[in-house]
Structure formats: structure tokens, C-alpha cells
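Enquirer: need a structure here:
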Amino acid sequence: MITVDDILKCKKIIDKKRRPELQLEHRHYRMNIELTCNELDVKMIMFIRKLAESPNKDFTVGLRIAGPSFFANHDTVIVRFQGPHGGQSAARNLSDLHNNYHMHLYTEDDRIHHRKLAKYKEAATFNSFEQAVVDFLAFCNIEDPNGIFDYELELTQQFKMDLENL
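Expert: Predicted coordinates for the structure are as follows:
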């Protein structure tokens with residue numbers, strides 16, 4: 001049986017030659033990018049969502065498997081890297097991970113219980129949208145041979161060099 005870990009580790013490629021435009025839909029900018037994976041027979045989509053009023057904070061970069069497939073009978077979001085977007089806590093305190101940069105990771109328990117979204121969440125190592133994109137590509141083993149995310153990569157590398165020179 002193919003696991004969540006197998007899906008994350010398999011090599012995925014962005015075939016698009018140019019970056020798709022973000023489309024405004026119900027107060028959110030959205031973008032979907034189909035990925036090619038020669039190792040698994042499944043349709044995978046990298047998706048980006050940014051809240052129009054706060055696009056650099058309230059965002060999601062995620063990986064979705066289109067269903068029905070061998071994995072599930074429905075679309076399944078395997079991982080989401082997210083910026084602070086409030087949460088269930090009215091106090092907006094940082095102990096609620098939704099008030100900080102965080103990630104949601106689909107687990108085998110989620111699969112057993114037929115969840116469409118990941119229940120597990122943890123604090124993230126990224127602290128900007130650009131860094132989330134770069135970390136997401138590495139985490140999900142996604143290659144970008146045409147450089148549609150070069151801006152995010154260059155900005156993240158520049159930020160690291162600036163920190164090293166402090």
C-alpha cells in the first residue's frame with residue numbers, strides 16, 4: 001500500500017513554462033498547478049491561496065491528490081503550509097498555531113478515518129509566503145525546471161545571506 005510518506009517523497013515536476021496568474025475568487029486569490037509524477041499513477045495539484053486583504057500573511061501553499069484515486073475516493077489535501085490566519089482562539093494568542101506560521105500534514109490516521117484534510121498540525125520553520133513556497137517545494141520533492149518560482153527562491157536566498165552578514 002502506498003503511504004502518505006511515499007507520496008511526499010516521490011519526485012514531482014512542475015511542467016508549466018510560465019507561472020499561472022492568481023485568480024480572484026470569493027475574497028481569495030487562487031492558483032492551481034498540476035504536477036507530473038512518473039512514479040505514481042495519480043493526479044497531484046500544488047495549490048496556492050492568498051486572502052486578498054492580507055496576501056502576505058493569510059495564505060496556503062498545499063498539495064492535493066485528485067480523487068477518486070488509489071489513495072481515496074475524494075480529493076485529499078496531503079499537506080498545507082499556512083500563514084497566520086486567526087484560528088479558533090478569539091484571543092488570537094500564539095499558543096493557537098493558527099495565529100502563527102504553521103503546517104498541516106495528512107497522516108495515515110487521517111486516511112483510515114477518510115478525512116479530506118489533515119488533522120495534525122505543527123509550527124513551521126518558514127516566516128513568509130516566499131519562504132513557505134521554497135520550503136514547500138523541498139518538503140514535497142517538487143522540481144521547478146522552468147523557474148516559475150525563481151522569485152521566491154531568490155528572495156529567500158537573499159534573506160538568508162542578509163542574516164549571515166549581520
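Enquirer: what is Q23 paired to in the beta sheet?
Expert: The partner list for Q23 in beta bridges (DSSP bridges) reads R30.
Enquirer: what is the burial count for the residue nearest to E122 when sequence neighbours are not counted?
Expert: Spatial nearest neighbour of E122, chain neighbours left out: M103 (6.0 Å); criterion: CB to CB, 6 or more residues apart in numbering. For the C-beta atoms, the positions are set from N, CA and C on the backbone; glycine is no exception. When neighbours are counted by other CB atoms under 10 Å, M103 registers 24.
Enquirer: break down the protein into its strands, ranges please.
Expert: 12-14, 23-25, 28-36, 44-51, 59-65, 76-82, 102-105, 120-123, 142-143 (DSSP state E).
Enquirer: quickly list what the residue nearest to E122 is bridged to.
Expert: Going by DSSP bridges, M103 forms beta bridges with F81, E122.
Enquirer: so it sits right up against Q82, yeah?
Expert: Yes: taking contacts as CB atoms under 8 Å, M103 lies within contact range of Q82: 6.7 Å.
Enquirer: returning to what we had before: export the strands of the chain to a markdown table and tack on mean pLDDT and distance to Q158?
Expert: As requested, those are arranged in a markdown table below (pLDDT from 0 to 100; distance: least, CB to CB, whole Å):
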| stretch | mean pLDDT | distance to Q158 |
| --- | --- | --- |
| strand 12-14 | 97 | 22 |
| strand 23-25 | 95 | 28 |
| strand 28-36 | 96 | 23 |
| strand 44-51 | 96 | 21 |
| strand 59-65 | 96 | 20 |
| strand 76-82 | 95 | 20 |
| strand 102-105 | 92 | 23 |
| strand 120-123 | 83 | 24 |
| strand 142-143 | 98 | 21 |
